[in-house]
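Q: everything below, folded, please.
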Amino acid sequence: MIADSLGRAIAFRIAPGQAHELPEAIPLVDSLPDVPAWVVADRGYSSHSFREHTWSIGAKRAIPAKSNEAPVACPDSIYTNRNVVERLWARLKEWRAVATRYEKTARSFMGVLCLAATLDWIKR
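A: Here you go, the predicted model:
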């Protein structure tokens with residue numbers, strides 16, 4: 001999920017249940033109409049290809065290295081904003097259908113997720 005600085009959902013994609021979300025990160029960033037100033041993500045998105053992609057589109061990144069990787073620059077003042085997405089997920093998961101994913105298909109779950117994100121956007 002991508003959130004703006006106010007904690008509103010901008011874009012999201014659904015990954016398969018047993019797969020990591022990292023392969024979805026590059027198309028998600030590419031789907032944005034404008035180049036983001038910063039890409040802030042947790043250690044799970046720390047990969048050379050994702051770092052290179054964010055650099056190639058002109059965005060700065062605040063993604064800390066994993067414990068088994070060489071350290072990279074990650075400004076703490078920017079990285080503290082990562083919790084904006086975590087708080088957004090917490091608000092969306094107040095919807096029981098989002099939290100438990102009752103929908104059998106990805107398409108119907110995406111519909112519920114869009115509805116929850118739209119109503120969250122209106123509230124904010």
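Q: residues of the helix or strand bottoming out on mean pLDDT in the chain that come out buried?
A: Sorted by mean pLDDT, DSSP states H and E, the helices and strands of the chain end with helix 76-79, the least confident at a mean of 84. Taking 16 or more other Cβ atoms under 10 Å as the neighbour-count basis, helix 76-79 is seen to contain the buried residues Tyr79. All C-beta atoms are positioned from the backbone trio N, CA, C, and that covers glycine.
Q: I'd like the next helix or strand past it.
A: Toward the C-terminal end, the helix or strand that comes next after helix 76-79 (DSSP states H and E) is helix 83-92.
Q: can you map out the strands along the protein?
A: Listed in chain order, the strands found in the chain under DSSP state E are 2-3, 9-11, 38-40, 60-62.
Q: any chance of these in JSON lines, plus mean pLDDT?
A: Listed next are those as JSON lines, based on pLDDT from 0 to 100:
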{"stretch": "strand 2-3", "mean pLDDT": "90"}
{"stretch": "strand 9-11", "mean pLDDT": "91"}
{"stretch": "strand 38-40", "mean pLDDT": "89"}
{"stretch": "strand 60-62", "mean pLDDT": "86"}
